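Engineer: coords please:
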Amino acid sequence: MSKPDWEHVAGQLNAYLSKARISSQDVARRAGVDRKTVDRLRRGQAVRMQTLQWIEQALKLTLAPLAPPQDDRAAPADYGGYRRDAVQSYAGNYTGYRRSFDTPDHIIASYLNVTWDDDVGALRFSENQRNRADTGRAYEYHFGGDVLIPPNLGVLHFVVRSDDGRIRLISTSMPRDDGGTLYMKGFILTLNELSDIGYYPVTSPVFFTKESGPQAQQAGVIVRGASRFEWADTVLTDIEKKFLPFRP
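Structural biologist: Predicted coordinates:
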């Protein structure tokens, strides 16, 4: 595939942003990329093709008309209408981390797999996780659902929709590279169940890291003092500080 004319791309982008009164920071937030990357593109410097696609998708622009994409199939409108070639890098294996809903000193690691479903014509995901209660009882969960990418918001929704009306929702930022690791950070909203209460809504910060190998790190309970606990706790705390309302 031929390379874009980066000066031409910069001219188109700058003209659009000036007319629409959109800042580099706005573009970065919508596309899930670093502001410095947007500034580099605005100066006519090269960026990764995937990054260019994210920015085009976020702004609903075609900045670098090249040869027709290898796969221009688009997801249904209620999934966000995203093109397969624009999101193909999202497919793969991830390890997810969230706080336990029942035990504050436990972090739950899960295995997430994202694939393109030809029958649906969109990205779908499966998630597996294992947990253990203080009583010693073991739990294993398997979820499957849809990946929604609403245009111009810079977020992904991982949604499990049950026939009985229950919904499990994870909303995250677009995948971002941080020190060589691809992160998606956000929050989960789901239902928990207690024998004396029944179902009730629970939330937790959550993040995913994309794995380069065929399988993600082992899923399960991470207790305080374990090798991954301090690192995962630091990332989750940072998410909480940025997005939870201030409480005196």
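
Engineer: may I have stretch 58-66 as PDB, with CA atoms only?
Structural biologist: Output in PDB follows, covering the C-alpha atoms of stretch 58-66 (Å, rounded to 0.1, in the frame of the first residue of the first chain):
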ATOM      1  CA  ALA A  58     -13.300   9.900  15.200                       C
ATOM      2  CA  LEU A  59     -13.700  12.900  12.900                       C
ATOM      3  CA  LYS A  60     -15.700  11.100  10.200                       C
ATOM      4  CA  LEU A  61     -13.100  12.300   7.600                       C
ATOM      5  CA  THR A  62     -11.000  10.700   4.900                       C
ATOM      6  CA  LEU A  63      -7.700  12.400   5.200                       C
ATOM      7  CA  ALA A  64      -5.600  10.200   3.000                       C
ATOM      8  CA  PRO A  65      -7.400   8.600   0.100                       C
ATOM      9  CA  LEU A  66      -5.400   5.600  -0.800                       C
END
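
Engineer: that stretch: which residues count as buried?
Structural biologist: For stretch 58-66, the neighbour count (16 or more other Cβ atoms under 10 Å) marks Ala58, Leu59, Leu63, Ala64 as buried. Just so you know, the C-beta spots here come from the backbone N, C-alpha and C atoms, and that holds for glycine as well.

Engineer: how about the third one, what does it touch?
Structural biologist: This means Leu63. Applying Cβ atoms under 8 Å, 6 or more residues apart in numbering to Leu63 gives the contacts Pro4, Val9, Gln12, Leu13, Leu52, Ile55, Glu56.

Engineer: which helix or which strand is home to the third one?
Structural biologist: Spelled out, that is Gln12. helix 6-20 (DSSP states H and E).

Engineer: so for that helix, what gets flagged as buried?
Structural biologist: Trp6, Val9, Ala10, Gln12, Leu13, Leu17.

Engineer: what is it packed up against?
Structural biologist: Identification of packing neighbours for helix 6-20 by 3 or more Cβ pairs under 8 Å, 6 or more residues apart in numbering; DSSP states H and E yields helix 35-42, helix 49-59.

Engineer: go again with 6 Å.
Structural biologist: Here helix 6-20 touches helix 35-42, going by 3 or more Cβ pairs under 6 Å, 6 or more residues apart in numbering; DSSP states H and E.
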